[in-house]
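>>> sharing a model prediction with you, sequence too.
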Amino acid sequence: MNRQEPQGFPASILWVLVALTLGWGFNWPMIKLALTEVPALSFRGVCVLGGAAGLFAVAAYAHLPLRVPRGQWGRLLLIALFNITGWSLCSVYGIGYMSSGRAAILAFTMPLWGVLLSAWLLNERLSARRILGLCLGMAAMLLLLSNELRAVQAAPKGTLLMLGGALCWAIGTVLMKRYPVDLPVTSLTAWQLLLGGVPIYAGALAFELERLHSLTLWPAVALAYNVLVAFVICNWAWYKIVASVPVGVSSLSTLMIPVVGVFSGMLVLSERPHWQDYAALVLVLLALAPVMLPPGSIRALFKKS
């Protein structure tokens, strides 16, 4: 296990995090929009297969290694089961019970599970910076949910599915660190999507084939956005971040995504934000500061002032 991983967030990949935050944040209302005309399994199947094809094409164009090293197929399948199969199925069915913003909030309780699992299974230190970031971030999530408590209670299936998806995602992220696969990020992401999607393709072919039909404009745009942006670009960006920083840092760096999800839901689906949404935005920014900045930078700032 590499003990030399940076404790802050490297400036060299900050653009990757910005792309991930905007791409995945805006994707939550796009999922909701696509599901108005595409059955859930078929939607996820197209997204996962399209994402895998796109990333394999990028890897081949860049002449990146594609062959999975001998003896690492088992760990690759296990990682894909949690990162792709579990997460994709739980989230696509969970969002059907609630607004896109609320689903995004529940999904991004992932940092809580990620930080705790990394401390347990990877022996990552629960530093004061991470604990502070985690507390502020979870306070923001609770604040966002406070306005939706009745709706969450009225949709316990959706709540449990989204929380289950968050837990699967956290487990998959920790497994990537504990049992690394010796492949470039692009190739590894493509293989995860392809293998993790097998149960999804099978389910779509078995249960939804006769329900497929041509799409109207905006659901078609939402589906294309999911394939190209959410599954090709954003999945690559996420696994690039996971490969570059500790799980505790990568998990907490996602806290801004549900805030973008809430406000993009307002733009795309006319889901109205409340004062809690704006307050949560401030809390999330405060939560990110101790996690994203290099060690000693906050102390130095106070000394200068």
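Perfect, thanks for sending it. Residues are numbered from 1 along each chain as shown.
>>> L143 and P258: what is the separation?
For L143, the distance to P258 equals 11 Å [C-beta to C-beta, to the nearest Å]. (Each C-beta comes from the backbone N, C-alpha and C, glycine too.)
>>> those two: which is more packed in?
The neighbour comparison of L143 against P258 (other C-beta atoms under 10 Å) goes to P258, with 29 against 21.
>>> low-confidence ranges in the protein?
Low-confidence segments of the chain (pLDDT under 70): 1-8, 144, 147-155, 271-273, 277, 289-305.
>>> quick one: the strands in it?
Here the chain has no strands by DSSP state E.
>>> ok, now which ones touch the residue nearest to W238 when sequence neighbours are not counted?
Of all residues beyond its chain neighbours, the one nearest W238 is L20 (5.8 Å), with distances taken as C-beta to C-beta, 6 or more residues apart in numbering. For L20, the contacting residues are 234, 237-238, 241, 254, 257, by C-beta atoms under 8 Å, 6 or more residues apart in numbering.
>>> could these go into a markdown table alongside neighbour count?
Formatted as a markdown table, the contacts of L20 follow (neighbours: other C-beta atoms under 10 Å):
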| residue | neighbour count |
| --- | --- |
| C234 | 24 |
| A237 | 22 |
| W238 | 23 |
| I241 | 22 |
| T254 | 23 |
| I257 | 25 |
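>>> okay, and which of those map to helices?
Using DSSP state H, the subset of those located in helices is 234, 237-238, 241, 257.
>>> between these, which is nearest T109?
Nearest to T109 out of the ones in helices among the contacts of L20 is I257 (C-beta to C-beta; 11.9 Å).
>>> go ahead and confirm the closest one touches M110.
No: I257 lies out of contact with M110 (C-beta atoms under 8 Å); the separation is 9.6 Å.
>>> pop out the phi and psi values for P246.
P246 adopts backbone torsions of phi -60, psi 160, taken as degrees, to the nearest 10.
>>> report how many residues lie close to it.
22.
>>> do the same with A128
For A128, the number of neighbouring residues by other C-beta under 10 Å comes to 9.
>>> repeat that for P180.
By other C-beta under 10 Å, 15 other residues sit near P180.
>>> ok, and the closest non-adjacent residue to L228?
G54 is the one closest to L228 (C-beta to C-beta, 6+ apart), at 7.0 Å.
>>> can you show me the helices along the stretch 1-150 of the chain?
With helices called from DSSP state H, counting those that start in this stretch, the stretch 1-150 of the chain shows them at 14-34, 40-61, 73-80, 87-94, 100-107, 110-121, 128-146, 149-154.
>>> so who does A62 touch?
T186.
>>> quick check: the gap between it and P10.
21 Å.
>>> for the residue nearest to L228, what are its contacts?
Contacts of G54 by C-beta under 8 Å, 6+ apart are 227-228, 231-232.
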